[in-house]
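S.K.: the sequence isn't on hand, but the structure is:
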């Protein structure tokens with residue numbers, strides 16, 4: 001059994017972490033998906049994890065607060081289920097490319113956050129951090145978008 005001081009410290013850390021995740025809108029345990037009630041959600045990134053890893057949201061505009069709770073830099077990438085041809089403006093004129101990326105956050109430094117707004121139709125979108133080896137080490141999940 002842990003000494004009284006150690007138990008008190010662990011309880012305080014757990015309570016603080018629970019409050020942080022609740023404030024970010026991060027919830028859910030196990031393999032279940034977190035349902036997004038409105039058009040905003042928080043995703044916490046840390047070493048090789050996304051929390052929540054599985055989300056269900058209604059079609060349309062979704063604003064995601066991406067918070068890095070880890071010690072390394074991370075980002076959030078939302079991929080399309082199938083490749084799509086898009087035309088992007090550039091300084092030298094429009095460029096057409098085929099991509100599976102629906103949205104990508106800038107890199108998020110440890111202890112900071114960014115906001116990403118994306119408009120998605122119904123479907124299942126893989127989400128991941130693409131920095132370094134994050135994805136292959138477990139920083140991945142799914143965003144399932146349902147009809148309204």
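M.R.: On my side now, so go ahead. None of these values were measured; they are calculated from a predicted model. Numbering: from 1, shown residues only.
S.K.: show me where pLDDT drops low in this protein?
M.R.: Low-confidence segments of the chain (pLDDT under 70): 1-31.
S.K.: list the helices and strands the strand ranked longest in it packs on?
M.R.: Across the chain, the longest stretch assigned as strand under DSSP state E is strand 77-88. Counting contacts by 3 or more CB pairs under 8 Å, 6 or more residues apart in numbering; DSSP states H and E, strand 77-88 packs against strand 95-104, strand 123-128. In this view, the C-beta of every residue, glycine as well, is placed from N, C-alpha and C.
S.K.: partner residues bridging the spatially most central residue of the chain?
M.R.: Nearest to the geometric centre of the chain sits residue 43, at 4.1 Å (CA atoms, centre = their mean). Residue 43 has the following beta-bridge partners by DSSP bridges: residue 66.
S.K.: residues contacting it?
M.R.: The contact partners of residue 43, by CB atoms under 8 Å, 6 or more residues apart in numbering, come to 24, 26, 50-52, 55, 64-67, 76, 127.
S.K.: what does residue 98 give?
M.R.: 83-86.
S.K.: now these in CSV, with neighbour count and distance to residue 147?
M.R.: Shown next, in CSV, are those (neighbours: other CB atoms under 10 Å; distance: CB to CB, whole Å):
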residue, neighbour count, distance to residue 147
83, 12, 23
84, 12, 19
85, 8, 24
86, 13, 23
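S.K.: which one among these gets closest to residue 112?
M.R.: Distances from residue 112 to these, taken as CB to CB, are shortest for residue 86 (28.5 Å).
S.K.: number of residues surrounding the closest residue to residue 51 other than its chain neighbours?
M.R.: Leaving aside its sequence neighbours, residue 51 sits nearest to residue 44 (CB to CB, 6 or more residues apart in numbering; 4.5 Å). The local packing of residue 44 (other CB atoms under 10 Å) involves 21 other residues.
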